[in-house]
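**Q** Got a predicted structure plus its sequence, pasted below:
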Amino acid sequence: MSTLLLIGIALTGFFAAGLGTMVGMGGGTFVVPILVVALGIDIRAAIAAGAICVVLTSLKGSSTYLQEGMVNMKLAMVLEVTTITAAVAGAMVVIFAPVNALKIIFGLVLAMTAVAMFASPKRRRSVKSGPDPFGLEASYDRPTRPGQKNYVPQKVRSGVGLNSLAGLTAGMMGIGGGAVQVPIMNQLMRVPMRAAVATSTFMVGMTAVVSALIYTGAGLVDVAVTVPAMAGIMVGSKMGSKMGTRVPATYLKTLLVGVLVVLALMMMADGFGWWSMR
């Protein structure tokens with residue numbers, strides 16, 4: 001592997017981690033498609049590297065969110081029940097599915113996530129008080145205005161069920177599940193965007209550990225891809241988490257939708273053999 005390619009992988013990890021941590025997706029959502037369509041890395045190796053990188057991104061990024069008090073630990077533990085279980089099934093798909101099918105599925109999931117975020121032009125206001133049968137009420141200090149933001153997660157049972165999709169995509173794509181978790185928490189459960197991003201960043205690491213172990217056992221981990229990506233991520237994730245506590249939530253959503261659309265088109269085009277940057 002050439003020195004230029006190693007540098008490209010490291011830079012990919014840096015930018016993907018910065019953006020991924022800022023929007024609560026762990027970096028894998030962005031690092032995998034860039035490695036595949038821009039750098040020509042085998043998708044299975046990219047997915048395995050993405051999962052390992054997600055673990056590192058989560059550890060680095062969630063530390064800042066935990067210090068800021070934005071992570072809803074109780075909610076994270078409840079949602080992880082179905083997420084981790086489904087991640088095992090998703091990881092098995094990676095081992096046996098055709099390469100082009102993985103690319104197309106990856107692109108479709110990113111596209112559907114972008115549509116789900118964009119299709120809700122109305123801001124879903126959080127519920128500040130009311131019934132809380134699962135004891136998930138939380139609050140955090142507002143970084144851009146004085147006072148605390150209180151909220152009570154809604155439709156918890158539906159959120160737990162739908163998070164199995166997050167686990168499935170995490171296992172299949174090495175992305176930690178944040179691409180699905182953030183919209184579910186924000187749009188369905190009406191968790192404020194900042195809290196959804198912070199909680200997702202914390203959760204994706206746990207989910208990715210399961211996937212990474214399965215990929216490692218199947219021999220899909222390429223050290224030459226994973227190590228430079230992790231080096232870039234160590235710097236990028238800390239930067240992203242700091243920016244995520246300060247950038248207005250509206251901008252985060254716009255940025256998220258735009259990046260998802262671009263990466264979805266890239267992956268599907270490559271999967272169908274229509275276009276590639278290689």
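**A** Happy to help now that I have it. Residues are numbered from 1 along each chain as shown.

**Q** hey, let's count contacts and neighbours off CA atoms from now on
**A** Noted.

**Q** Off-centre distance for stretch 67-75?
**A** Using CA atoms, centre = their mean, to the nearest Å, we find the averaged C-alpha position of stretch 67-75 to lie 17 Å away from the chain's own average C-alpha position.

**Q** how near is the closest residue to residue 99 other than its chain neighbours to residue 89?
**A** Counting by CA to CA, 6 or more residues apart in numbering, the nearest residue to residue 99 once its immediate chain neighbours are dropped is residue 43, at 6.8 Å. Taking CA to CA, to the nearest Å as the measure, residue 43 and residue 89 are separated by 18 Å.

**Q** returning to what we had before: and the residue nearest to residue 99, what does it touch?
**A** Applying CA atoms under 8 Å, 6 or more residues apart in numbering to residue 43 gives the contacts 32, 36, 99, 102, 103.

**Q** which element is the last one on?
**A** Using DSSP states H and E, residue 103 falls within helix 99-118.

**Q** gap between whatever helix or strand comes next after that helix and the chain center?
**A** Counting by DSSP H and E, the element after helix 99-118 in chain order, helix or strand, is strand 138-141. Taking CA atoms, centre = their mean, one finds strand 138-141 lying 22 Å from the centre of the chain it belongs to.

**Q** count of neighbours near residue 50?
**A** Applying other CA atoms under 10 Å, we find 36 residues neighbouring residue 50.

**Q** Wait, it touches residue 31, no?
**A** Yes. Applying CA atoms under 8 Å, one finds residue 50 in contact with residue 31, separated by 6.4 Å.

**Q** how about residue 69, secondary structure?
**A** coil (DSSP: H, G, I helix; E, B strand; the rest coil).

**Q** State the distance from it to residue 150.
**A** Using CA to CA, residue 69 is found at 12 Å from residue 150.

**Q** Find residues that contact each of these two.
**A** 139, 140.

**Q** Tell me where the stretch 51-200 of the chain is predicted with low confidence.
**A** Counting by pLDDT under 70, the stretch 51-200 of the chain contains low-confidence ranges at 117, 120-124, 143-144, 176.

**Q** Contacts only, for residue 156.
**A** Residues near residue 156 by CA under 8 Å, 6+ apart: residue 189.

**Q** hmm, try it at 10 Å
**A** Contacts of residue 156 were listed using CA atoms under 10 Å, 6 or more residues apart in numbering, and they are 75, 78, 79, 132, 133, 134, 136, 162, 185, 188, 189.

**Q** And residue 265, by the same measure?
**A** Residue 265 makes contact with 104, 107, 108, 110, 111, 271, 275, according to CA under 10 Å, 6+ apart.

**Q** which parts of the helix or strand containing it are buried?
**A** Secondary structure assigned from DSSP H and E places residue 265 in helix 249-271. If you call a residue buried by 16 or more other CA atoms under 10 Å, then helix 249-271 has these buried ones: 249, 252-253, 256-257, 260-261, 263-271.
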